[in-house]
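**Q** kindly return the folded structure for what I paste below:
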Amino acid sequence: MEDIRPSVLDDNINNFIDRLSLENETCCLKHGPKEMEIKAPPAVDFLCQHLGFKDDNVATELLRIPICKECAEALLNPEWLLVYCVGCNSSQWIFKPKAYNKVTEGIIWLDECPECKEI
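**A** Sure, this is the predicted structure:
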């Protein structure tokens, strides 16, 4: 039987094509408290995460989140942690030096968060 899983090259080509379509996209990550109405800056790249792992450890989906330059830089900064909920697409930035728990990761992916558990 032929293996029809996408290759790394397929992912790279798809990511390149998606970047071309970022012209009218805005960042989908949180930029301030809910009370503040902050206009999302233009997206410059995608934050990608493979989802839907089955027993054979093969991802069934690729989540692509448009992000701005500021968020891309924060992801590379070891002082910031991003918590992202796949269930409701909400995000929260945590400044690691002020965090109660010490976390070394740069991104924590949640299946569900307290907000989407209430729904």
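**Q** for this structure, which segments count as helices?
**A** For the chain, the helices defined by DSSP state H cover 8-20, 69-76, 114-118.
**Q** worst average pLDDT in those helices?
**A** Least confident of those, judged by mean pLDDT, is helix 8-20 with a mean of 64.
**Q** now the spatially most central residue of the chain, which residues is it bridged with?
**A** Against the mean C-alpha coordinate of the chain, by C-alpha atoms, centre = their mean, the closest residue is Leu47 at 4.5 Å. Taking DSSP bridges as the rule, Leu47 bridges to Ile65.
**Q** so it is in contact with Leu75, correct?
**A** Yes - with contact defined as C-beta atoms under 8 Å, Leu47 counts as touching Leu75 (7.0 Å). The way it works is simple: take the backbone N, C-alpha and C, and place the C-beta from them, glycine included.
**Q** now the strands: where do they sit in the protein?
**A** For the chain, the strands defined by DSSP state E occupy 45-51, 61-67, 80-85, 91-95, 107-110.
**Q** can I get those strands in TSV with mean pLDDT and distance to Ser21?
**A** Shown next, in TSV, are the strands of the chain (pLDDT from 0 to 100; distance: least, C-beta to C-beta, whole Å):
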stretch	mean pLDDT	distance to Ser21
strand 45-51	87	10
strand 61-67	88	10
strand 80-85	94	21
strand 91-95	92	21
strand 107-110	90	23
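**Q** CSV please, covering those and showing distance to Cys28.
**A** Below are the strands of the chain laid out as CSV (distance: least, C-beta to C-beta, whole Å):
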stretch, distance to Cys28
strand 45-51, 9
strand 61-67, 5
strand 80-85, 10
strand 91-95, 8
strand 107-110, 14
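**Q** to Gly32, which of those strands lies closest?
**A** strand 91-95 (9.6 Å; C-beta to C-beta).
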